[in-house]
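Colleague: With the input below, show me the fold.
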Amino acid sequence: MKKVLVLCTGNSCRSQIAEGYLKHFAGDKAAIYSAGVETHGVNPKAIETMKDDGIDISQHTSNHILEYQEIDFDFVITVCDNAKERCPYFPSKAIKYHYNFPDPAKAIGTQAEIKASFASTRDMIKAYCAHFVKTNL
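Modeller: Residues are numbered from 1 along each chain as shown. Just a heads-up that it's a prediction; the model follows:
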């Protein structure tokens, strides 16, 4: 079974969304993990936006990358530039992918505008994850 790590800054939003979709699309083809170079807790708006699309991430936890340093990942996907730049080195044969998704947690405006920002990022991550699974798993 392939092992996939999704990495972001705080493991609170984009990486949590990606973990949810990768698990959904990959099924039993892969073990999916997510982590951050920091831990900020799972963003309630990320949970809500995923629930709106039928994916439950409410039981996810925010994990630090060093918790997984002993796992030999097949793929590491960074979903923000900050995580890519700050990722601590650990020996791995993992194939690395990177896509800098917009951070909806930084959205400002009305509640409707913020919700739309989360939905937009969610939809980008969903398409990326569907393609990743189809291409790599």
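
Colleague: which residue ranges form the strands in this protein?
Modeller: 2-8, 30-36, 75-78, 95-98 (DSSP state E).

Colleague: now the third one: how far from the chain's centre is it?
Modeller: Read that as strand 75-78. 9 Å (Cα atoms, centre = their mean, to the nearest Å).

Colleague: Could you export the strands of the chain to CSV, including columns for mean neighbour count?
Modeller: C-beta here means a position set from N, CA and C on the backbone, and glycine is covered the same way. Converted to CSV, the strands of the chain look like this (neighbours: other Cβ atoms under 10 Å):
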stretch, mean neighbour count
strand 2-8, 24
strand 30-36, 23
strand 75-78, 24
strand 95-98, 14
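
Colleague: Would you reformat these as CSV and include mean pLDDT?
Modeller: Output for the strands of the chain, formatted as CSV (pLDDT from 0 to 100):
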stretch, mean pLDDT
strand 2-8, 95
strand 30-36, 96
strand 75-78, 93
strand 95-98, 92
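
Colleague: what's the closest of those to S62?
Modeller: Smallest distance to S62 across the strands of the chain (Cβ to Cβ): 6.6 Å, for strand 30-36.

Colleague: Can you pull up the most central residue in this structure?
Modeller: S15 (1.8 Å; Cα atoms, centre = their mean).

Colleague: Can you add distance to K126 and give the strands of the chain back as a markdown table?
Modeller: A markdown table is the format used below for the strands of the chain (distance: least, Cβ to Cβ, whole Å):
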| stretch | distance to K126 |
| --- | --- |
| strand 2-8 | 13 |
| strand 30-36 | 14 |
| strand 75-78 | 14 |
| strand 95-98 | 16 |
